[in-house]
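J.: The amino acid sequence is not available; the structure is as follows:
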DNA sequence: CACCATTTTGGAGCGCCGCACCAAAGAGTG
DNA sequence: CACTCTTTGGTGCGGCGCTCCAAAATGGTG
């Protein structure tokens, strides 16, 4: 018998799991998912691959952990005022996710991946709880809670994924500049399409250039909340 | 001067672009995105990598082409009856996308990827045109067309992505069997969560097991359409 | 203090991968 | 028949994730 059965866990760790994850997030932010290679990580931390695998497991595990970390931080956001309506709560949570993915564009892919294959993990549960918890106060009947929450989550993740930008090809970071540029180009291309074959796309080419992502995102939330209140 | 300026394109092609894409789709369906390697493709077609790159370019190009092919086919679906309401049109298009991704699960990731980085491509334009073209008849004011279409597209792609299953780990194909099983497990896990910390998730654990994906998807569409009609 | 079980580290090596590149075969043309 | 351009199969390079292991660091114990 050892004197005290369980304790020997923590030794002095020069390299910590947290440190690795933080560095990984930095690298992901800087260069997209393709930039996070185990080799690059070991070089950055001046260590070997063994240490990485010892602390966080495979590259996939590392990406999951990074996702959990970032999403967990984002979901901690609460409305500013004291008397917040359920709508406010949902808007704040949704915007927190929106902004998190805008700041960490690699999240888009990873988030849907994780929600799909790990419904029990803190990410899925956290998002559902945060969004769904407001439905009762919103007047949605209990029997529709899961459908309603799913609708919101699907919309939020869909919108947020599609507003995320391309990963891996932008070596320089020019977040606003080429975003405008890209919209201009897309708008011009849409306008240039055959109005007979593509009347709608042709017609909204102008709106697409002038729209604001965040505002549009909130409009969508408002539409869904409106629809949900008619569900009763 | 040649006798006729443009014509000499088609030589005898033992290997056609179409053939490659079709085979690629088969392989993707069978084993997920990870299963489509250039090496495996060359082996399956008993050719070399040079021929592949000559016909379709890089692996990424091939995935884009495969996506365009499948989505193009899906978008060709029209409502059965003759007198279709705008709502019917949207539902049919949405369900076509839903079913396409259910049949080709690798599409989920690829679709959002393509929409994000190629707003001019046939996939993005096709989806927007198909969905957005109904908004006028639905009574949505012209100034809100782009926002409304975006809301629908965001929701559809979000829902559809999250209903797609995991890629690459299932060697055997057991589409219904382990789906049930997975829901059961997830439901049990949700029910097992602390009701104080996660009241909502705990409460809807039962609904999550019994829900039907397609039905829930249509409920979401109905909610959004309802909300859109209040937008005027 | 010295000893040693255990944790933690760094790195070499394996089996993959995508893809650039190229020499040669094939098909139409004069 | 020769000649040109298309099409093909294959080889090799650089890089990847990951396994495995010898060695170093660590901290409790006699």
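T.: That came in fine, so what should we check first? Quantities reported herein were computed from a predicted structural model and do not represent experimental measurements.
J.: I'd assumed residue B:155 was in contact with residue A:154.
T.: Yes - using CB atoms under 8 Å, residue A:154 is in contact with residue B:155, at 5.8 Å. To be clear about C-beta, it is placed using only N, CA and C from the backbone, and glycine gets the same treatment.
J.: Can you name the residue of chain A nearest to DNA strand C?
T.: residue A:50 (1.9 Å; CB to the nearest atom of the strand).
J.: returning to what we had before: find the residues that touch each one of residue A:154 and residue B:155.
T.: By CB atoms under 8 Å, 6 or more residues apart in numbering or on different chains, residue A:154 and residue B:155 have these common neighbours: residue B:220.
J.: Not counting its own residues, what contacts the worst-scoring helix or strand of chain A on mean pLDDT?
T.: Every helix and strand of chain A was ranked by mean pLDDT, DSSP states H and E. The lowest is helix A:177-192, at a mean of 85. Where contact means CB under 8 Å, 6+ apart, the residues beyond helix A:177-192 that reach it are A:165, A:170, A:198, A:201-202, A:204-206, A:208-209, B:119-120, B:125.
J.: Pull the contacting residues for residue A:75.
T.: Applying CB under 8 Å, 6+ apart, the residues near residue A:75 are A:93, A:96-97, A:126-127, A:130.
J.: Angles on the backbone of it, please.
T.: phi -70, psi -10 (degrees, to the nearest 10).
J.: what does residue A:195 give?
T.: Per degrees, to the nearest 10, the backbone of residue A:195 is at phi -60, psi -20.
J.: Please tell me I have it right and it contacts residue A:202.
T.: Yes - using CB under 8 Å, residue A:195 makes contact with residue A:202 at a distance of 4.5 Å.
J.: okay, these two: which has more neighbours?
T.: residue A:202 (18 against 12; other CB atoms under 10 Å in any protein chain shown).
J.: The residue of chain A closest to DNA strand C: how many residues sit nearby?
T.: The burial count for residue A:50: 9, using other CB under 10 Å.
J.: Repeat that for residue A:198.
T.: 19.
J.: gap between it and DNA strand D?
T.: 31 Å (CB to the nearest atom of the strand, to the nearest Å).
J.: how near is that residue to residue B:143?
T.: Plainly put, residue A:198 is 19 Å away from residue B:143 if you go by CB to CB, to the nearest Å.
J.: which ones are touching whichever residue of chain A sits closest to chain B?
T.: Residue of chain A nearest chain B, by CB to the nearest CB: residue A:158 (2.2 Å). Residues in contact with residue A:158, defined by CB under 8 Å, 6+ apart, are B:112, B:153-159, B:161.
J.: Select from those every entry located in helices.
T.: Using DSSP state H, the members of the contacts of residue A:158 that fall within helices are B:112, B:153-159, B:161.
J.: Give me the buried entries from these.
T.: B:112, B:153-159, B:161 (16 or more other CB atoms under 10 Å in any protein chain shown).
J.: Which ones among the residues you listed also lie next to DNA strand C?
T.: Under the cut-off given by CB under 7 Å from any atom of the strand, DNA strand C has nothing from those close to it.
J.: closest to DNA strand D among those residues?
T.: residue B:112 (21.8 Å).
J.: which residue packs closest to residue A:109, ignoring adjacent ones?
T.: Computed as CB to CB, 6 or more residues apart in numbering or on different chains, the closest residue to residue A:109 that is not its neighbour in sequence is residue B:109, at 6.3 Å.
J.: any idea how far the residue most central in space within chain A is from residue A:94?
T.: With distances taken as CA atoms, centre = their mean, residue A:101 lies nearest the centre of chain A, 4.0 Å away. As judged by CB to CB, residue A:101 and residue A:94 stand 11 Å apart.
J.: ditto for residue A:24
T.: Applying CB to CB to residue A:24 and residue A:94 gives a distance of 26 Å.
J.: Over to residue A:120?
T.: 23 Å.
J.: quick one: which of those two has more around it?
T.: When residue A:120 and residue A:94 are compared for neighbours, residue A:94 comes out ahead with 25 against 15, by other CB under 10 Å.
J.: where does that one land on pLDDT?
T.: Listed pLDDT for residue A:94 reads 96.
J.: give me the element residue A:46 is part of.
T.: Per DSSP states H and E: residue A:46 is located in neither a helix nor a strand.
J.: meant to ask about residue A:101, not that
T.: Residue A:101 belongs to helix A:86-103, assigned by DSSP H and E.
J.: Chain A: strands as residue ranges?
T.: Assigned by DSSP state E, chain A shows no strands.
J.: would you list every one of the helices in it?
T.: A:17-31, A:38-44, A:49-56, A:59-75, A:86-103, A:107-117, A:122-132, A:135-138, A:145-163, A:177-192, A:199-203, A:205-210, A:213-229.
J.: Pick the most buried one from those helices.
T.: Most buried of these, by mean neighbour count (mean count of other CB atoms under 10 Å in any protein chain shown): helix A:145-163, with a mean of 25.
J.: Report the angle between it and helix A:107-117.
T.: Counting by axes from the mean of the first three to the mean of the last three CA atoms, to 10 degrees, helix A:145-163 lies at 150 degrees to helix A:107-117.
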